[in-house]
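Undergrad: A structural model of the following input is requested.
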Amino acid sequence: MPLSSYNTVIKKSGTALAEVTSISVGGSSLVEIDTTSLTSTSKEFVMGALDAGTCTVEMFAPANYTGATGSDLEDLVPTSGDASPDTYVIEFARDGSNVPTMTATFDAYITNCSVSAAMDGAVTASVTLKIETAIVWA
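TA: Coordinates of the predicted model:
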C-alpha cells in the first residue's frame with residue numbers, strides 16, 4: 001500500500017513550518033568525471049562529489065504573524081553568504097500518536113523565497129532549499 005502524505009510535516013531546526021501544501025525533494029546526483037583516454041575502447045568515468053539536490057516547499061503565507069522563529073516568512077528568506085545551514089526533517093505519515101512512519105533528515109540553505117498573491121486567492125509562498133548533506137532516510 002502506498003505511503004499517505006496526510007499529516008506530513010517539515011521542520012526547520014525542530015520547528016514545524018506552518019500551512020505547508022506540498023514538499024518536493026529531488027535532483028540528487030553524483031558528478032560524472034570523464035576519464036576516457038585516446039586508447040579507451042568506450043567511455044570511462046569516475047564519480048565525483050555528491051550534489052544532494054534541492055527541496056521545494058509550497059505553503060500558504062501565515063495569516064497570524066507571531067514572530068516565532070521558524071513559523072514566519074521572514075525566517076524563510078535567504079540570508080547572506082556567511083549563513084550556516086539549518087537542519088530540516090520531513091516527517092511522513094504521522095499516525096494518531098504523532099509518530100512518523102518515515103523521516104528524511106538533511107542540512108540545507110535557503111536559496112529562494114517567492115511570495116504570490118492573486119485576486120480571490122490566498123497568499124502563497126514557495127521556498128527552495130539547497131541540500132548540503134546526503135539525505136538520511138529512516
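Undergrad: How about residue 24, nearest residue that isn't a chain neighbour?
TA: Closest residue to residue 24 apart from its sequence neighbours, by C-beta to C-beta, 6 or more residues apart in numbering: residue 56 at 4.7 Å. Using the backbone N, CA and C atoms, a C-beta is placed for each residue, glycine as well.
Undergrad: Regarding the protein, what is its longest strand?
TA: In the chain, taking DSSP state E as the definition, the longest strand is strand 102-116.
Undergrad: Name every strand pairing with the lowest-mean-pLDDT helix or strand in the chain and say which way it goes.
TA: When each helix and strand of the chain is scored by mean pLDDT, DSSP states H and E, strand 15-16 comes last, with a mean of 86. Taking DSSP bridges as the criterion, strand 15-16 forms sheet pairs with strand 9-12 (antiparallel).
Undergrad: ok, residue 11 - contacts?
TA: Neighbour list for residue 11: 17, 70, 88-91 [criterion: C-beta atoms under 8 Å, 6 or more residues apart in numbering].
Undergrad: where's the dip in pLDDT among these?
TA: Among the contacts of residue 11, residue 70 carries the lowest pLDDT, at 48.
Undergrad: following the least confident helix or strand of the chain, which helix or strand shows up next?
TA: Per DSSP states H and E, the first helix or strand lying C-terminal to strand 15-16 is strand 20-26.
Undergrad: tell me the mean pLDDT for that following strand?
TA: 94.
Undergrad: For the helix or strand following it, give me every contacting residue.
TA: Next along the chain after strand 20-26, taking DSSP H and E as the criterion, comes strand 29-34. For strand 29-34, contacts defined as C-beta under 8 Å, 6+ apart pick out 43-51, 53.
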